[in-house]
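Student: 3D model of this:
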Amino acid sequence: MSKKGKVLVAMSGGIDSTVTAMLLHEQGYEVVGITMKTWDYASSGASSKETGCCSLDSINDARKMAVDFGFHHFIIDIRDEFGDFVIDDFVNEYMAGRTPNPCVLCNTHIKWSALLKRADAMDCEFIATGHYAINNELNGRRFVSKAVDRNKDQAYVLWGLSQECLNRTQFPLGELTKPEVRQIAHDAGYTDLAKKGESYEICFVPDNNYRDFLKHRMPEMEEQLKGGLFVNKEGQVIGEHNGYPFYTIGQRKGLGKAFGTPMYVTEIRAESNTVVLGEVDELMRNGMYVYKENMMKYDHIPEDLEIVTKVRYLDAGTLSQVSQVDGRLRVDFMANVRGVAPGQSAVFYEGDDVLGGGIIHQSI
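Tutor: A predicted model of the protein is given here:
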């Protein structure tokens, strides 16, 4: 047994998880690699070649690296766990007129749970992933902070991790930049891996075409997926859409019609199969309600704390006041925010530190 301990590393076959395993091995940990099979394209009706973290090539890349460094590597099939929870939620949220973030849900409820379960079975004290984030501690509470490389920072998608998960998780790449990670892979002889492109697609949606995915999964919802009406804020019909689940708040492109002035999706009314369009100023919101929250740095949001709230991954963030109202968090923005989409994640920051987050329920 290594003096540093035993760590189970989630390995996708990509450069980030490969360098994560490499660094921990070099630091003296006893590394065990694990690759999780979450999805196969055949079950989605895809005809294209399977790519990404679930492909045979990626699994083979992960296994080869483990063999090169002389540590054990296992493949586990969690398709049933993944599908029942993440994919069903993805479909249900779109059919309810919301815009889900399946990666957050997967991290929170599937991947970490699967990792901890296998870590316990293999007597591993720690788990590790290739996320760009920093695991910090204050007064006995764990929280994630933004990574050094702001272009790769993934703290936003980790807001749902529990204290139990964070207590046992390591993020070796949090203090590194992407060019440094590529250089480490190159210096270790993994030149092809260092040049390997990255996928930003949802792993279970072939070709990133979620419209076809929904049609395949929900044939009984033919009418809703066929089309309906565009209306303005006064309720006047101004056009026809291709099915309300195929739109998201803030969308401008792909509306299928020219309106003479730029128009955006401002509201989705699933119950009537209508999509509300408006000009850019109609996208602005001064607050929202958030539910299913998870707190990290503190067990609750302290009063009078200067908080920055992000309503999407690439959002710069907005100063906010956060309060508890009727079992939900109420967020009041200090400046109007554009495109608040129910179903997306709201994440609260104090400087670089994640205070916690939740799911956007409705805008105000």
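
Student: low-confidence ranges in the stretch 201-350 of the chain?
Tutor: Flagging of the stretch 201-350 of the chain using pLDDT under 70 yields the residue ranges 201, 206, 224.

Student: Regarding residue 341, what is its secondary structure?
Tutor: Under DSSP: H, G, I helix; E, B strand; the rest coil, residue 341 falls in the coil class.

Student: Quick one: residues contacting it.
Tutor: By CB atoms under 8 Å, 6 or more residues apart in numbering, the contact set of residue 341 is 98, 99, 248, 249, 250, 311, 312, 360. The C-beta positions use only the backbone N, C-alpha and C, and glycine is treated the same way.

Student: and the residue nearest to it when sequence neighbours are not counted, what does it touch?
Tutor: Closest residue to residue 341 apart from its sequence neighbours, by CB to CB, 6 or more residues apart in numbering: residue 249 at 3.8 Å. Going by CB under 8 Å, 6+ apart, residue 249 touches 99, 265, 266, 267, 268, 283, 339, 340, 341, 342.

Student: For residue 249, which three-state class applies?
Tutor: coil.

Student: So what does it look like in phi/psi?
Tutor: Dihedral pair for residue 249: phi -60, psi 130, per degrees, to the nearest 10.

Student: again with residue 98
Tutor: phi -110, psi 170.

Student: and the closest residue in space to it that isn't next to it in sequence, what does it touch?
Tutor: Among residues not flanking residue 98 along the chain, residue 343 sits closest, at 3.1 Å (CB to CB, 6+ apart). Shown in contact with residue 343 (CB under 8 Å, 6+ apart): 93, 96, 98, 99, 100, 101, 359, 360.

Student: and the closest residue to the fifth one other than its chain neighbours, what element?
Tutor: Once flanking residues are discounted, residue 100 sits nearest to residue 93: 3.8 Å by CB to CB, 6+ apart. Residue 93 is located in helix 88-95, with elements delineated by DSSP states H and E.

Student: One more: residue 57?
Tutor: helix 56-69.

Student: Check which helices and strands that helix sits against.
Tutor: Applying 3 or more CB pairs under 8 Å, 6 or more residues apart in numbering; DSSP states H and E, we find helix 56-69 packed against helix 15-26, strand 30-37, strand 73-77.

Student: export the ones you listed to TSV and tack on distance to residue 259, mean neighbour count and mean pLDDT?
Tutor: As requested, those are exported to TSV (distance: least, CB to CB, whole Å; neighbours: other CB atoms under 10 Å; pLDDT from 0 to 100):
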stretch	distance to residue 259	mean neighbour count	mean pLDDT
helix 15-26	43	23	96
strand 30-37	45	22	94
strand 73-77	48	15	93
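
Student: Just send the ones you listed back as CSV, with distance to residue 107 too.
Tutor: Formatted as CSV, the helices and strands packed on helix 56-69 follow (distance: least, CB to CB, whole Å):
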stretch, distance to residue 107
helix 15-26, 14
strand 30-37, 12
strand 73-77, 16
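
Student: Just tell me which of the ones you listed ends up closest to residue 190.
Tutor: helix 15-26 (6.7 Å; CB to CB).

Student: domain parsing for this protein?
Tutor: Here the domain assignment for the chain is 6-130+172-207, 221-278, 284-363, based on automatic domain parsing.

Student: In CSV, list those along with distance to residue 136.
Tutor: Below are the domains of the chain laid out as CSV (distance: least, CB to CB, whole Å):
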stretch, distance to residue 136
domain 6-130+172-207, 9
domain 221-278, 32
domain 284-363, 7
